[in-house]
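>>> sequence first, then the predicted structure:
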Amino acid sequence: TFGWQGLIEAYRPYLPVSAATPVVTLLEGNTPLIPVPYISQLIGRGVRVFVKYDGLNPTGSFKDRGMTMAISKAKEVGAKAVICASTGNTSAAAAAYARRAGMRAFVLIPDGYVAMGKLAQALVYGAEVIAIEGNFDQALKIVRELSDNYPITLVNSVNPYRLEGQKTAAFEIVDVLGNAPDWLCIPVGNAGNISAYWMGFCQYRQQEKCDRLPKMMGFQAAGAAPLISGQPISHPETIATAIRIGNPANWEKALAAKEASQGEFNAVTDAEILEAYRILASHEGVFCEPASAASVAGLLKVRDRVPSHATVVCVLTGNGLKDPDCAIKNSNNAVKSGVAPDLSAVAKVMGFE
Ligand code: F0G
C-alpha cells in the first residue's frame with residue numbers, strides 16, 4: 001500500500017482500535033491547513049491565520065473523521081444497521097461509510113432544512129432517508145430512543161467513537177505547526193467537534209507533542225446559540241442549517257473545554273456568517289459552507305482581542321459545494337446572461353468595447 005492510509009492507520013496508537021477492528025476507511029483526514037493572508041491582514045498586528053479545510057474529506061465534511069471510527073467499531077461488533085439524526089453532513093458520512101461496510105444506514109432529517117448537496121449524497125450513497133416535520137433536536141431524541149429499543153447503532157456524536165476519530169484533526173494541526181495554535185476558532189452546533197478537538201490537543205500535550213493548549217473559541221449562529229444564552233432554544237433559526245441546533249447533546253463537554261482552555265463562546269449573526277463566507281471564497285479562494293464560515297466570522301468579530309503575533313486556526317468544517325443554493329443567493333455576483341454568441345458582444349460585456 002502507498003501513501004496516506006486514512007486517519008485510523010495514521011494515528012492508530014492514539015485510537016481505541018485493535019488488530020481485530022475491521023478498518024472501514026475512505027482515506028479521510030490529512031486535510032490541508034491553508035494560510036489565509038487576506039484575513040490575517042484584516043486582523044493585523046502580526047497575527048497569522050490558517051484554515052483547517054476539512055471540507056476536503058471524502059464526503060466533504062469533518063464527519064468522515066468520526067464516521068471511519070464509528071463504523072469500524074460498529075462492524076467490529078457485528079452491527080447490521082446504523083442510524084443518525086442530521087442537519088445533513090452526518091447523514092452523508094454515515095451513508096457512505098455504512099454502505100461501504102455493507103450496513104443499512106437510516107437517517108432522520110429536518111424536512112426542508114438540509115442543503116441540497118447533502119441530501120443528494122445521502123440518497124445516492126443509498127441511505128434510507130426519513131424527513132420529519134420537526135427540527136434536529138427532535139430528530140436526535142427519536143433516534144436515541146430507536147437505538148435503545150432496536151438492533152441499530154447510533155452514530156451521532158453521542159457515540160464516543162465519533163469524537164475519538166474527530167480529535168485527529170487537532171493532531172494534524174499540531175503535526176503541521178509544530179505546536180498547538182494560540183487560538184482555535186470553531187463553529188458549534190451539537191458541540192461534538194469542539195469537544196473532540198479539545199480531547200485531541202490534551203492528548204497530544206500529554207504525549208509531549210506540543211507544549212501548550214489553544215484557547216477554544218466556539219461560535220454559534222445568533223438564532224441558534226443556546227451555549228451563549230445558557231439555555232436550550234426550542235425554535236433555532238439560521239441560514240447556516242448545519243448548526244441549526246437548539247439543545248446540543250455535548251453541551252457539558254464543550255463547556256468544560258471552554259473553561260479549561262479559558263476560551264469563549266460567542267454568537268455571530270447570519271449577516272456576519274455570510275460576509276465571512278464571501279471573503280473566504282472571493283479573497284482566499286476557499287469555498288466552505290455557511291456554518292463553517294462562522295469560525296472566521298467569529299474571529300473577525302473578536303479580532304481586537306487576538307494577541308499580537310498569535311497563531312490562529314479557524315476550522316472550516318464543510319465544503320461550499322454542499323450548499324449551492326446559498327452560494328448562488330449570497331455571492332453578490334451574478335451571471336451576465338442573454339449575450340449574443342459573437343466576439344464583439346462578449347467583448348462588450350467584458351468592458352473591452
Ligand atoms: N459545521 C458543519 C458543516 C456541520 O455539519 C456541523 C454539524 C457543525 C459545524 C457543528 O459541529 O455539531 O460537532 O458542534 N453537523 C451535524 C450534522 C449536526 O448532522 O451534520 P458539532
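Everything's here; your move. As the structure is a prediction and not an experimental result, all values here were calculated from the model. Residues are numbered from 1 along each chain as shown.
>>> host element of Val339?
Taking DSSP states H and E as the definition, one finds Val339 inside no helix or strand.
>>> pLDDT score for it?
Note on Val339: pLDDT of 98.
>>> residues of the stretch 51-200 of the chain that sit close to the ligand?
61, 63, 86-90, 157, 187-193 (Cβ under 6 Å from any ligand atom). Yep, even glycine has a C-beta here, placed from its N, CA and C like the rest.
>>> pull up the distance across stretch 213-226, start to finish.
Stretch 213-226 has an end-to-end distance of 25 Å (criterion: Cα to Cα, to the nearest Å).
>>> stretch 242-253 too?
Start-to-end, stretch 242-253 (Cα to Cα) is 20 Å.
>>> does that stretch reach the ligand?
Yes. Judged by Cβ under 6 Å from any ligand atom, stretch 242-253 comes into contact with the ligand through 242-243.
>>> okay, buried residues for that stretch please.
242-251, 253 (16 or more other Cβ atoms under 10 Å).
>>> of all pairs in the residues you listed, which one is the farthest apart?
Farthest-apart pair in those is Arg244 and Lys253; separation 20.3 Å (Cβ to Cβ).
>>> from the ligand, how far out is Pro236?
Going from Pro236 to the ligand by Cβ to the nearest ligand atom, to the nearest Å gives 11 Å.
>>> again with Val349
For Val349 relative to the ligand (Cβ to the nearest ligand atom), the value is 36 Å.
>>> cool, and Gln206?
Gln206 is 23 Å from the ligand, by Cβ to the nearest ligand atom.
>>> what's the burial count for that residue?
9 (other Cβ atoms under 10 Å).
>>> any idea how far it is from Gly263?
19 Å (Cβ to Cβ, to the nearest Å).
>>> please apply the same query to Gly165.
22 Å.
>>> what's the answer for Ala271, then?
In terms of Cβ to Cβ, Ala271 sits 24 Å off from Gly263.
>>> one more: Gly246?
From Gly246 to Gly263 the distance is 22 Å (Cβ to Cβ).
>>> how about Ile233?
Applying Cβ to Cβ, one obtains 21 Å for the distance of Ile233 from Gly263.
>>> neighbour-wise, which of those two wins?
Ranked by neighbour count (other Cβ under 10 Å), Ile233 and Gly263 place Gly263 first, with 22 against 18.
>>> wait, that one touches Met217, no?
Yes. Using Cβ atoms under 8 Å, Gly263 is in contact with Met217, at 5.4 Å.
>>> now Tyr14: closest residue in space, sequence neighbours ignored.
Nearest residue to Tyr14, sequence neighbours excluded (Cβ to Cβ, 6 or more residues apart in numbering): Gln203, at 6.2 Å.
>>> can you give me the strands for the stretch 1-150 of the chain?
With DSSP state E, counting those that start in this stretch as the definition, the stretch 1-150 of the chain shows strands at residue ranges 33-35, 48-53, 81-85, 104-110, 128-132.
>>> and those strands, which is most packed in?
Highest mean neighbour count among the strands of the stretch 1-150 of the chain (mean count of other Cβ atoms under 10 Å): strand 81-85, with a mean of 27.
>>> span of stretch 251-267 from start to end?
So stretch 251-267: terminal residues 15 Å apart, Cα to Cα.
>>> my guess is Pro151 meets Val77, correct?
No. Taking contacts as Cβ under 8 Å, Pro151 lies outside contact range of Val77: 11.0 Å.
>>> pull the contacting residues for Val51.
33-34, 36, 280, 284, 286, 288, 295-296, 313-316 (Cβ atoms under 8 Å, 6 or more residues apart in numbering).
>>> if you set the cut-off to 10 Å instead, what comes out?
Residues in contact with Val51 (Cβ atoms under 10 Å, 6 or more residues apart in numbering) are 31-36, 39, 185, 280, 284, 286, 288, 292-293, 295-296, 312-316.
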